[in-house]
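1. Give me a model of this one.
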Amino acid sequence: MKRHVLSAQSITYAGLFIALSIALTRAMSFYVTIGGVQGIRIGFGNIPIILSGVVLGPGLGAVVGAASDLIGSLIMPSGPYFPGFTISAALSGALPVIFFKLLSGNKSHLFVRIFMAVAISDIITSVGLDSLWIYILYHVPLAVLLLPRIIARVIMIPVTSYLIYTLLKYVPKLKGAM
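-> Okay, the predicted model is just below:
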């Protein structure tokens, strides 16, 4: 598939990635409460968003991330809508691909580059921005939020990286994307 081309095929893929993300985020995730609010969400809803950036390019990846958050919050809200989380979701579709391309000069194994790209992106969005959004929305101190969120990311970044690596390696349509 050609990147950066808005075609019927890319719109169809975007719709599929949005639906998968919503299903994995809203129906197949669990939440950890911190300070009386949902401080951590453990799930795999970001994998279709990251893959959309890989397959469709960072621009459409950002659109898929934002649309997944907007539509998901309408269908099955997990709290009040806050646009900061939509920004984080959009960045989750664009940043891993951008960082992966920046790391392409690195002769590391494909998994190491995917891991580094996912880790940098996830630290920016989940640990940094999402913690800030929770603080702004619920006034939970960052000191209370950060440690559990970092522990969750230490677990989820390798799992997410491995699943993306496996999908890119073994799914024929995705194989040539990176």
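2. For the chain, give me the ranges with low pLDDT.
-> Scanning the chain for pLDDT under 70 picks out the ranges 1-5, 34-39, 175-178.
3. Who are the contact partners of residue 165?
-> Going by Cβ atoms under 8 Å, 6 or more residues apart in numbering, residue 165 touches 110-111, 114-115. (C-beta placed from N, C-alpha, C; glycine too.)
4. If we ignore the residues flanking it in sequence, what's nearest residue 67?
-> residue 18 (5.1 Å; Cβ to Cβ, 6 or more residues apart in numbering).
5. picking that back up, could you tell me which of the contacts of residue 165 count as buried?
-> 111, 114-115 (16 or more other Cβ atoms under 10 Å).
6. Quickly name whichever of those is closest to residue 71.
-> Of all the buried ones among the contacts of residue 165, residue 71 sits closest to residue 114, with 26.9 Å by Cβ to Cβ.
7. Tell me how far the longest helix seen in the chain lies from the chain's centre.
-> Ranked by residue count and defined by DSSP state H, the top helix of the chain is helix 142-170. With Cα atoms, centre = their mean, to the nearest Å as the basis, helix 142-170 stands 10 Å off its chain's centre.
8. Report all helices and strands that the very next helix or strand once past that helix contacts.
-> Of the helices and strands lying after helix 142-170 in sequence (DSSP states H and E), the nearest is helix 172-175. Judged by 3 or more Cβ pairs under 8 Å, 6 or more residues apart in numbering; DSSP states H and E, helix 172-175 is in contact with helix 46-56, helix 142-170.
9. Those helices: which one's closest to residue 29?
-> helix 46-56 (10.1 Å).
10. Could you give me the buried positions within the closest one?
-> 46-56.
11. Check which helices and strands that helix sits against.
-> helix 8-22, helix 58-75, helix 83-102, helix 110-122, helix 142-170, helix 172-175.
12. For the residue nearest the centre of the chain, which non-adjacent residue is spatially closest?
-> Nearest to the mean C-alpha position of the chain, by Cα atoms, centre = their mean, lies residue 46 at 3.3 Å. Using Cβ to Cβ, 6+ apart and skipping residues adjacent in sequence, the residue nearest residue 46 is residue 92, 5.3 Å away.
13. show me what contacts that neighbour?
-> 46, 49-50, 65, 121-122, 125.
14. same check, this time on residue 130
-> Contacts of residue 130 (Cβ under 8 Å, 6+ apart): 84-85, 88, 149.
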